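**Student:** Using only what follows, build the 3D model:
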Amino acid sequence: MITLSTEAAEAVRTAMTRAGKPEAGLRVMIEVGGCAGNKYMIGLDTEPKPDDAVVVSEGVKLFVDPQSQPLLAGLTIGFVETLAGKGFTFDNPNATASCSCGKSFG
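**Tutor:** Presented below is the predicted three-dimensional model:
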């Protein structure tokens, strides 16, 4: 379903350690909004909700709500560090359009 790159998994583990939540998981979801129609939302969560899908990628637990699952099928989350900054990237085969920042899609 969702795959984390090695770099993204390391960034998530670092965030969990800094937050004092080494056993947390990464919630990945879609919200309506952004310049292309849908936007990616990610954040640490201590446990899945009862109806979440739980996926493990690169040793990191990912929690995905049922509404977001179809839009995230096949998603690869990466992480880049450049001179301009660092952050997560999203490669989504379900996207038919995306904005220039790469944080939303249609």
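
**Student:** got the buried residues for stretch 14-31?
**Tutor:** Neighbour counts using 16 or more other CB atoms under 10 Å place 16, 24-30 of stretch 14-31 among the buried residues. Every residue, glycine included, has its C-beta placed from N, CA and C.

**Student:** same question, stretch 60-77
**Tutor:** Residues 60-65, 68-69, 71-72, 75, 77 are the ones in stretch 60-77 that count as buried (16+ other CB under 10 Å).

**Student:** now stretch 77-95
**Tutor:** Using 16+ other CB under 10 Å as the test for burial, stretch 77-95 gives 77-79, 88, 90, 92, 95.

**Student:** Output the lowest mean pLDDT helix or strand found in this protein.
**Tutor:** When the helices and strands of the chain are scored by mean pLDDT, DSSP states H and E, strand 104-105 comes last with a mean of 53.

**Student:** Isn't A19 up against D45?
**Tutor:** No. The pair A19 / D45 is not scored as a contact, 10.9 Å apart, by CB atoms under 8 Å.

**Student:** Which parts of this structure are strands?
**Tutor:** In the chain, the strands defined using DSSP state E lie at 3-4, 25-32, 38-45, 53-57, 60-64, 76-82, 85-91, 104-105.

**Student:** E10: which of the ones you listed is closest?
**Tutor:** Among the strands of the chain, strand 76-82 comes nearest to E10, with 7.5 Å by CB to CB.

**Student:** what's that closest one packed up against?
**Tutor:** The helices and strands touching strand 76-82, judged by 3 or more CB pairs under 8 Å, 6 or more residues apart in numbering; DSSP states H and E, are strand 3-4, helix 6-18, strand 85-91.

**Student:** C-alpha coordinates for the last one, CSV please?
**Tutor:** Only the C-alpha atoms of strand 85-91 are listed here, as CSV (Å, rounded to 0.1, in the frame of the first residue of the first chain):
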residue,chain,number,x,y,z
GLY,A,85,15.5,22.9,2.8
LYS,A,86,14.4,19.4,3.7
GLY,A,87,11.1,17.6,3.8
PHE,A,88,9.0,14.7,2.7
THR,A,89,8.1,14.0,-0.9
PHE,A,90,5.1,12.1,-2.2
ASP,A,91,5.1,9.9,-5.3
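
**Student:** All good on my end, thank you.
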